[in-house]
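A structural model of the following input is requested.
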Amino acid sequence: MTVKEMADACGWKLLAGEDGQDNQAEGCYVGDLLSWVMGRAQAGNVWLTVMGNLNAIAVAALADTSCIVLCEDAALDADAQKRADMQGIPVYSCTPNLYETAVQVYEQLK
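Below you'll find the model as predicted:
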């Protein structure tokens, strides 16, 4: 399943990185401690977080996550938006909390 298909099914709003929407969603990782995510998220994971800064985009690129989903309507910095667009890293926004969003992702992937 592409991240665009998942975003459409879950009702997420695209904030940046439109060019990467064909990335494949192959799992899920939930976390806000960037060093922890960098060492544990796997390639293809949908990364659920509230961290919408430039460092989060760098971690997503290093970990090769399929996208970032900013839960609880967390904001995306302007600099982070520009970098996500440049690197083709889709960043979505949603209202539900991390747990509820993780359940949505699980349901879509099973």
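
how about the strands in the protein?
13-16, 27-30, 45-49, 67-70, 91-93 (DSSP state E).

got JSON lines for those, with distance to Lys110 too?
Any C-beta I mention is one placed from the backbone N, CA and C, and that applies to glycine too. Putting the strands of the chain into JSON lines (distance: least, CB to CB, whole Å) gives the following:
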{"stretch": "strand 13-16", "distance to Lys110": "24"}
{"stretch": "strand 27-30", "distance to Lys110": "11"}
{"stretch": "strand 45-49", "distance to Lys110": "14"}
{"stretch": "strand 67-70", "distance to Lys110": "18"}
{"stretch": "strand 91-93", "distance to Lys110": "20"}
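
Those: which one's closest to Arg83?
Distance to Arg83, taken as CB to CB, is lowest for strand 13-16 among the strands of the chain, at 8.3 Å.

Touching that closest one from outside, list them.
7, 21, 70, 76, 80-82, 84-85, 89-94 (CB atoms under 8 Å, 6 or more residues apart in numbering).

Spell out for me which residue occupies the centre of the chain.
Ile68 (1.1 Å; CA atoms, centre = their mean).

May I ask you to confirm that that residue is in contact with Ser93?
No: Ile68 lies out of contact with Ser93 (CB atoms under 8 Å); the separation is 9.6 Å.

what residue ranges in the protein score low on pLDDT?
For the chain, no stretch has pLDDT under 70.

For it, which segments are assigned as helices?
Under the criterion DSSP state H, the chain contains helices at 3-10, 34-40, 54-63, 78-87, 98-109.
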